[in-house]
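A.B. asks: Here is the input, now give the coordinates:
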Amino acid sequence: MFSEVFRKKLMGKNLVQQARGKGGPRYIAPSFRYLGQAKLKHGVNSALILDIKNSQGHSTPLLEVKYNDNTTGLMIAPEGVFVGQELKVGEGAEAGLGNSLMLKDIPEGTLIFNIEGVPGDGGRFCRTTGSFAKLIARTEKSIQVMLPSKKIKEFNFNCRATIGVPAGAGRKEKPFLKAGKMHFHMKARNKKYPVMSGSAQNAVDHPFGNKRSSRKSKARPAPQNAPPGRKVGYIRPKRTGQSKSRTKFIGQ
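C.D. replies: Sure, this is the predicted structure:
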């Protein structure tokens, strides 16, 4: 009897993050509500702004544009554009607000966003509201761009980017104030809210969860051969506790 109880105590639990990571119908993002992908298109020279729309799947407003080949698409809206404005795309376009050019044609010091990681992928970097990068230098082999994290990343000469700053830069400045607003904000993308700590859960839901005690020593490193559902807390940590240098500093 004791061995059976001890075995159940050490066995893994069915964690919520395991089900969410699998991506079943209950946990996938509601992409059927999204307007579509906002990517830079190849083989066009101009884009006429038809409308400015809001998409649940994007933090930035999207532009509904009509290209010169009579096709329509979506683009990330920069600050300062308006309905009826014509944007230039591709080679030969001037370095103006909202225009999309190759990095080799953009002057140094220009603020850019929606940067392609590989030529032709449609844009991958700096796509959220207010996030922009800065083209700082050119080398013989690449273009150097400073990302919002202040990291300098090198890109191919033929990677494209849009000039300007994504619209909606003050989105995070307004507080939610109420849990109900945060509930609907997270529900739009099917994110888990609220997130409970492991020690606040029931014993059947998490290895740290029970109501018998609130001791914190349960967050010990999980064994390397632990089954899925038990690897929580410290997972193969390099070290635990305070470092020796910090302990020495506190003792002084």
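
A.B. asks: max-length strand in the chain?
C.D. replies: Across the chain, the longest stretch assigned as strand under DSSP state E is strand 46-53.

A.B. asks: Any idea how far it is from the middle of the chain?
C.D. replies: Centroid separation between strand 46-53 and its chain, computed with CA atoms, centre = their mean, to the nearest Å, is 25 Å.

A.B. asks: try stretch 18-37
C.D. replies: On the basis of CA atoms, centre = their mean, stretch 18-37 sits 15 Å off its chain's mean C-alpha point.

A.B. asks: out of everything not next to it in sequence, what's closest to Lys66?
C.D. replies: Leu48 (4.8 Å; CB to CB, 6 or more residues apart in numbering). Yep, even glycine has a C-beta here, placed from its N, CA and C like the rest.

A.B. asks: hang on, the one you found packs against Val89?
C.D. replies: No: Leu48 is beyond contact range of Val89, at 11.1 Å (criterion: CB atoms under 8 Å).

A.B. asks: For the two, indicate the residue with more neighbours.
C.D. replies: Legend: neighbour count by other CB atoms under 10 Å for Leu48 and Val89, higher for Val89 (24 against 16).

A.B. asks: Which residues are in contact with that one?
C.D. replies: Going by CB atoms under 8 Å, 6 or more residues apart in numbering, Val89 touches 40-41, 44-47, 67, 99-100.

A.B. asks: what do you get for Arg236?
C.D. replies: By CB under 8 Å, 6+ apart, Arg236 lies in contact with 221, 224.

A.B. asks: Name the SS class of it, please.
C.D. replies: Three-state call for Arg236 (DSSP: H, G, I helix; E, B strand; the rest coil): coil.

A.B. asks: do the same with the one 3 residues further on
C.D. replies: Here Arg239 is coil, with the state taken from three-state DSSP.

A.B. asks: picking up where we left off before, for the residue nearest to Lys66, give its distance to Gly21.
C.D. replies: Per CB to CB, to the nearest Å, Leu48 is found 42 Å from Gly21.

A.B. asks: which non-adjacent residue is nearest Ile112?
C.D. replies: For Ile112, the spatially nearest residue (CB to CB, 6+ apart) is Ala161, at 4.1 Å.

A.B. asks: Ok, Ser131 next?
C.D. replies: Ser131 sits nearest to Pro148 (CB to CB, 6+ apart), 5.0 Å away.

A.B. asks: looking at it, that neighbour is touching Thr128, isn't it?
C.D. replies: No: assessed by CB under 8 Å, Pro148 is found out of contact with Thr128, at 9.2 Å.

A.B. asks: Compare these two (neighbour count), which wins?
C.D. replies: Thr128 (17 against 14).

A.B. asks: helix/strand/coil for that one?
C.D. replies: coil.

A.B. asks: With adjacent residues omitted, what lies nearest to it?
C.D. replies: Ser59 (5.0 Å).

A.B. asks: Name the SS class of that neighbour, please.
C.D. replies: coil.

A.B. asks: Please name the residues that touch it.
C.D. replies: Applying CB under 8 Å, 6+ apart, the residues near Ser59 are 128-129, 168, 171.

A.B. asks: Now, of those residues, which are buried?
C.D. replies: 128-129, 168 (16 or more other CB atoms under 10 Å).

A.B. asks: Could you verify that Leu135 is part of a strand?
C.D. replies: Yes: assigned with three-state DSSP, Leu135 falls within a strand.
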